[in-house]
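Engineer: what follows is a predicted protein model with its sequence.
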Amino acid sequence: MWGFPLPLTPLAIPALELHYQTEFCAAHRLFRADWSEQKNQEVFGICANPNGHGHNYFLRVSVRGEIQAETGMVMNFLELQELVAEQILKWVDHRNLDKDVPFLQGCISTAENLLQIFWQRLAPHLPAGVELAALELRESRDFSCTYTGPKNA
């Protein structure tokens, strides 16, 4: 058998990262209401289409912590999946991010802004000893964004 002998002593417990990836479909429009249509088109290009556009987003959630001697896990994978579903997916999947999601009202729905807001929704609900390490949002084959948390966290 490979790996660490059980039980692990507190000094021998390594910090690890777990990763969970899921997919959701959503529409949005990049625009600022205080700008003209022309300026929105100049800055955001086709993403400022007045009728919006959609993505099949891939969200990757990474958490960090120590292996718990009692369970052999940093965090139960199913618990992480349920947390992401409750705090994010049930709100954003098959929705218009700009019109249908209360916690996104008033923000420009860029990947950068979405990740910061998703972080705020997930971080307080993690079990003791587990913290968010990174969130990655892929909106197409070519483009993704990674957020590693607030600087002063």
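Structural biologist: Arrived safely.
Engineer: run through this structure and note the low-pLDDT ranges.
Structural biologist: Applying pLDDT under 70 to the chain picks out residues 1-14, 152-153.
Engineer: grab the most central residue of it for me.
Structural biologist: Central residue of the chain (C-alpha atoms, centre = their mean): Leu135, 4.5 Å from the mean position.
Engineer: didn't that one look like it was pressed against Val61?
Structural biologist: Yes. The criterion here is C-beta atoms under 8 Å, and Leu135 meets it with Val61 at 5.9 Å. C-beta: built from backbone N, CA, C; applies to glycine.
Engineer: in stretch 132-142, what counts as buried?
Structural biologist: Buried residues in stretch 132-142, counted by 16 or more other C-beta atoms under 10 Å: 132-139.
Engineer: what two of the residues you listed are the furthest from one another?
Structural biologist: Maximum pairwise distance in these, criterion C-beta to C-beta, is 20.8 Å, between Ala133 and Glu139.
Engineer: quick one: the strands in the chain?
Structural biologist: Applying DSSP state E to the chain gives strands spanning 15-28, 53-66, 95-96, 130-138, 144-147.
Engineer: make TSV from those strands and add distance to Thr110 to it.
Structural biologist: Compiled in TSV, those are given as follows (distance: least, C-beta to C-beta, whole Å):
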stretch	distance to Thr110
strand 15-28	9
strand 53-66	12
strand 95-96	15
strand 130-138	10
strand 144-147	8
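Engineer: which residues do Leu135 and Val61 both contact?
Structural biologist: Leu122 (C-beta atoms under 8 Å, 6 or more residues apart in numbering).
Engineer: okay, and the beta partners of the closest residue in space to Gln21 that isn't next to it in sequence?
Structural biologist: Nearest non-adjacent residue to Gln21, counting by C-beta to C-beta, 6 or more residues apart in numbering: Arg60, 4.5 Å away. Beta-bridge partners of Arg60, counted by DSSP bridges, are Gln21, Glu136.
Engineer: isn't Arg60 right up against Ala133?
Structural biologist: No. The pair Arg60 / Ala133 is not scored as a contact, 10.5 Å apart, by C-beta under 8 Å.
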